[in-house]
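In: quick one, fold the following:
(one chain, ligands or ions: 1)
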Amino acid sequence: MLSGKRILLIIGGGIAAYKSLDLIRRLQERGAAVTPVLTRGGEQFVTPLAVSALAGAAVHRDLFDLTVEAEMGHIQLSRSADLVVVAPATADLMGKMANGLADDLASTLLLATDTPVLAAPAMNLRMWLHPATQRNRAALAADGVRFVGPNEGDMACGEFGPGRMAEPLEIVAAIETALGGGPLAGRRVLVTSGPTHEPIDPVRYIANRSSGAQGTAIAGALAGLGADVVFVTGPAEVPPPAGVQVVAVETAAQMAEAVRAALPVDAGVFAAAVADWRVASASDRKLKKTRDGIPALEFAENPDILKTVARMTEGRPGLVVGFAAETDDVVAHATAKRARKGCDWIVANDVSPATGIMGGSENAVVLITADGVEDWPRMSKAEVAQRLAARIASALGG
Ligand code: CTP
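Out: Numbers count the residues shown, from 1 in each chain. Alright, predicted model coming up:
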């Protein structure tokens, strides 16, 4: 039941918009209140009058609507719902959402909202299968947007394939799941991400080339499946995803402490590129070449965070996932690493400069579990994240 739930329904410009009229009725039958937003394209397929009459509420259409601005404003409109549903989510709307554009009411609401978003894509199959749309879909999923459909079938344009909008009742079911939480609802998951910085003196540090992109995408995808995510991140190049609890740290020692404080969790994903050593002789004042000459740095070993958690005898997370960044003999090194660390899975990748993976947007990983080695094709980091999050959900019984 959706009794008392407030749904902001954004109707994009596609022939599937007619199904959104039925969706409004189905939602109302279940007790939900629907606030409709119609894009300019949407108006070509269903009339504002029909939408408003069915919803029993005014339909919002303009970004610069003075009456609405005076009453509540579009920022408020974007946040006063329990869930934002985009149906149909056209290729254009998805592109705007994925890239943060805000040139009309619908896209502005989607950028301004802090409410979970569910999208029901609908478009021609070639448009759906186009790499640009698939990139957008993966990026949105990594941002925590949920999807229902599209389904395969005959299309209004006469072709057959994926691209049909999910049926109204399927969308209702997805809305119920989204409001009830998704497969990882009630699960607490820890993700470490980014590099660590190990100080030499107050102005200098030792670091590595991790951008934090893969860990960030994984945290976003897990949150998208309803998990309660604690995101412990070193100084990354990419901003943290929406909808997670962010714990920002700098050094490996701080990361180890933040991880300890985040336990217990149902699963831990250790995607951070933790520095193995810190400067034992770090100075609390700036080293001066005139006074100090060439410094001889002494190193001390950092705590191995993954190994510590994976080898816990009490309160160990049900699933511990480590990463292995290698430059040669990837599978052999990663298999040995899995045993050495005591983790359940290792996600291994080749980070030699020629692969362009470190700092890039794509990844080619090998997943090593107790059952063996799985080679995943090269795909975007967002897609790797989604696939891994789905695997974690099924491993946790979601
Ligand atoms: N890791 C960690 N704490 C450390 C070092 C690594 O938690 N002090 C975790 C990483 O987050 C990653 C995994 O261990 O999940 C493997 O990291 P990697 O740097 O590839 O391995 P190392 O332990 O450094 O092993 P090696 O030096 O042999 O590559």
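
In: enumerate the residues of the stretch 251-398 of the chain near the ligand.
Out: Neighbours of the ligand within the stretch 251-398 of the chain, by Cβ under 6 Å from any ligand atom: 252, 270, 272, 274, 276, 302, 304-306, 322-325, 337. C-beta here means a position set from N, CA and C on the backbone, and glycine is covered the same way.

In: where are the low-confidence patches of this structure?
Out: 65-72, 181, 398 (pLDDT under 70).

In: how is it divided into domains?
Out: By the record's domain assignment, the chain is partitioned as 6-178, 188-395 (automatic domain parsing).

In: now these in a markdown table, with mean neighbour count?
Out: Below are the domains of the chain laid out as a markdown table (neighbours: other Cβ atoms under 10 Å):
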| stretch | mean neighbour count |
| --- | --- |
| domain 6-178 | 19 |
| domain 188-395 | 19 |
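
In: ranges for the helices of the stretch 101-250 of the chain?
Out: Along the stretch 101-250 of the chain, the stretches classed as helices by DSSP state H, counting those that start in this stretch are 105-112, 125-129, 131-142, 168-180, 213-224.

In: which other helices and strands contact the fourth one?
Out: So the one you mean is helix 168-180. In terms of contacts (3 or more Cβ pairs under 8 Å, 6 or more residues apart in numbering; DSSP states H and E), helix 168-180 is packed against helix 17-29, strand 83-89, strand 117-121.

In: so which of those is nearest Ser52?
Out: Across the helices and strands packed on helix 168-180, the minimum distance to Ser52, taken as Cβ to Cβ, is reached by helix 17-29, at 9.9 Å.

In: and Leu263, how far is that from the ligand?
Out: Separation of Leu263 from the ligand (Cβ to the nearest ligand atom, to the nearest Å): 14 Å.

In: how about that residue, nearest residue that isn't a chain neighbour?
Out: Gly315 (6.3 Å; Cβ to Cβ, 6 or more residues apart in numbering).

In: follow-up on the earlier one: of the helices and strands packed on helix 168-180, which is nearest the ligand?
Out: For the helices and strands packed on helix 168-180, the distance to the ligand is smallest for strand 117-121, at 30.2 Å, taking Cβ to the nearest ligand atom.

In: now what about the closest one, what contacts it?
Out: The set of residues external to strand 117-121 that reach it, using Cβ atoms under 8 Å, 6 or more residues apart in numbering, is 16, 83-91, 94, 97, 110, 128, 137, 140, 144-150, 163, 165-166, 171, 174-175, 178.

In: near the ligand, from the residues you listed?
Out: Among those, not one lies near the ligand by Cβ under 6 Å from any ligand atom.
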